[in-house]
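1. Fold the following, please.
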Amino acid sequence: MFDLQPFFGSTIQAAVGIGVGSALGAIIATLALRTLGPWGELSIFFRALKLGTFGAVISATVNAAIGVGSLYFSDIVPISDFAKTWARWVVGDSVGIFLFSSFVLLYYMFRDHEYYRAAS
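-> You can find the predicted model right below:
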């Protein structure tokens, strides 16, 4: 079979593992956020706090664990670098989640503001 690792730097198994980890991280974080109660009753500050603390931490942790585990089992990341790679992955994912969720929350804040302004 043709080996793609020299061309792309990882195996197809590692790529599939990383993809599964990303999807599972998002799904688990969504389920956890839904169990924490309704969003409509919260102010924009508490929405951001809820999304940032629980959503980012849960999603990034699950994603990093499965992703780095996939790289370890594909012999790309040695066990000596596992914790360092995991920590960097969590920080990178968390920063991305915080940046993206900030724009989403701003959109909803302005949308709600326009709705309440038009209603009055």
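2. So which residues of this protein form helices?
-> Applying DSSP state H to the chain gives helices spanning 5-8, 12-35, 44-50, 57-73, 82-119.
3. Highest mean neighbour count out of those?
-> Most buried of the helices of the chain, by mean neighbour count (mean count of other Cβ atoms under 10 Å): helix 57-73, with a mean of 20. C-betas here are computed from N, CA, C, even on glycine.
4. From the contact counts, what lies against it?
-> Under the contact criterion of 3 or more Cβ pairs under 8 Å, 6 or more residues apart in numbering; DSSP states H and E, helix 57-73 touches helix 12-35, helix 82-119.
5. would you turn those into a markdown table with distance to residue 64 and mean pLDDT?
-> Formatted as a markdown table, these follow (distance: least, Cβ to Cβ, whole Å; pLDDT from 0 to 100):
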| stretch | distance to residue 64 | mean pLDDT |
| --- | --- | --- |
| helix 12-35 | 8 | 88 |
| helix 82-119 | 4 | 81 |
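6. Please read off the pLDDT at residue 61 from the model.
-> Per-residue confidence (pLDDT) for residue 61: 93.
7. In contact with the closest residue to it other than its chain neighbours: list those residues for me.
-> Nearest in space to residue 61, with sequence neighbours left out and distances taken as Cβ to Cβ, 6 or more residues apart in numbering, is residue 90 at 6.1 Å. Taking Cβ atoms under 8 Å, 6 or more residues apart in numbering, we find residue 90 in contact with 60, 61, 64.
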